[in-house]
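[1] quick one: sequence and predicted model below, then my questions.
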Amino acid sequence: MALSNIVIATRESRLALWQAEHVQSLLQARGHTVSLLGMTTRGDQILDRSLAKVGGKGLFVKELELALEEGRADIAVHSLKDVPMDLPEGFALACVLPREDPRDALVSPRYASLDALPQGAVVGTSSLRRVVLLHALRPDLRIEPLRGNLDTRLRKLDEGQYDAIVLAAAGLKRLGLEGRIRAVFEPDAMLPAAGQGALGIEVRADRADLIALLAPLSKQSDWLATTAERAVSRAMGGSCSMPLAAHARWQPDGSLRIDAAWGDPDAAAPLVKIHALAEASDFAQADALGVGAAKLLRDAGAH
């Protein structure tokens, strides 16, 4: 049964609007009437400090959650890696859509790969995860902060503020900017963030009608994989202030392998990498796999 009008709360960056419009088109194809409620979040407004210092990635979702709570919107579409590991009471993740490329991408007007960057080159990122993984690959690089939406980051690169920047491949591909990618990092070289490349739809937990309506949009294998990844981060107390990576991949035998890495942004401790493998046919098993991976990380020296 179609609802009279489904309102999607969304940030107003070009990528966020693409994501919301993508969900809008999927729902319209199923006969629903859908409109967008564009909003500016605190995460969009604070650009002079790192997210780790001003409250974390939850700054990108709080205003959207308020719109859900007040009934101004029915659903909120998020990049899953921006969604806090524990949602506030009264909210639920209704589905995870089919995942785009989860890898990181190197973008540079002059250099074709990380290895091609000269000694001491300036690379832009504000992700502590990317900082520690880049330092592990190229200790000589100067890693400088880079904030702003995707277009702002590309503009700063083009102005010559950086020799290269590292972005999520998914966002570039979704906006038709795949041509800007000079190289992608395979997970073995640079492990993605939990949930990277996936879109999640958040609703009020009491909206059983919406949860049922959104269920057909979900891809269960991607939801289970990202559940395991997010469980690692949750068990480690993860936020954007923690240099943590977690990425799950289905194996030919049907099991789920999760790789996780933790690094010290001050380079005072070596990079810690682990992997774990298990059956994950339901959310409880996927969550247990992630929790087990977090224990392996801590036992290996992560904290």
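    All right, it came through fine.
[2] in this structure, what helix or strand scores lowest on average pLDDT?
    Within the chain, no helix or strand scores below helix 51-54, which has a mean of 45 by mean pLDDT, DSSP states H and E.
[3] after it, which helix or strand is next?
    For helix 51-54, the succeeding helix or strand toward the C-terminus, using DSSP states H and E, is helix 62-69.
[4] and the next helix or strand after that next one, which residues are buried?
    Per DSSP H and E, helix 62-69 leads on to strand 75-79 as the next helix or strand towards the C-terminus. Burial within strand 75-79, assessed by neighbour count using 16 or more other C-beta atoms under 10 Å, is assigned to I75, A76, V77, H78, S79. All C-beta atoms are positioned from the backbone trio N, CA, C, and that covers glycine.
[5] what of stretch 209-220?
    Residues of stretch 209-220 classed as buried by neighbour count (16+ other C-beta under 10 Å): L210, I211, L213, L214, L217, S218.
[6] likewise for stretch 179-191?
    For stretch 179-191, the neighbour count (16+ other C-beta under 10 Å) marks R180, I181, R182, A183, F185, P187, M190, L191 as buried.
[7] I'd like the average pLDDT over it.
    Per-residue confidence for stretch 179-191 averages out to 97 on the pLDDT scale.
[8] CA-only coordinates of stretch 71-79 in PDB, if you can.
    Once side chains and other backbone atoms are set aside, the C-alpha atoms of stretch 71-79 remain, and they are given as PDB (Å, rounded to 0.1, in the frame of the first residue of the first chain):
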ATOM      1  CA  GLY A  71       7.200  14.400  12.000                       C
ATOM      2  CA  ARG A  72       8.600  16.900   9.400                       C
ATOM      3  CA  ALA A  73      10.200  13.900   7.600                       C
ATOM      4  CA  ASP A  74       9.500  10.200   7.400                       C
ATOM      5  CA  ILE A  75      12.900   8.800   6.500                       C
ATOM      6  CA  ALA A  76      16.500  10.000   6.300                       C
ATOM      7  CA  VAL A  77      19.100   8.800   3.800                       C
ATOM      8  CA  HIS A  78      22.700   8.600   5.000                       C
ATOM      9  CA  SER A  79      26.100   7.400   3.900                       C
END
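[9] and the average pLDDT for that stretch is what?
    Along stretch 71-79, the predicted confidence averages to a pLDDT of 95.
[10] what's the answer for stretch 95-113, then?
    Averaging pLDDT residue by residue across stretch 95-113 gives 97.
[11] going forward, the N-terminal residue is numbered 9.
    With 9 as the first residue, the last one maps to stretch 103-121.
[12] give the contact list for the residue nearest to A308 when sequence neighbours are not counted.
    Among residues not flanking A308 along the chain, V280 sits closest, at 4.8 Å (C-beta to C-beta, 6 or more residues apart in numbering). If you count contacts by C-beta atoms under 8 Å, 6 or more residues apart in numbering, V280 has them with A269, W270, G271, L305, A308, G309, A310.
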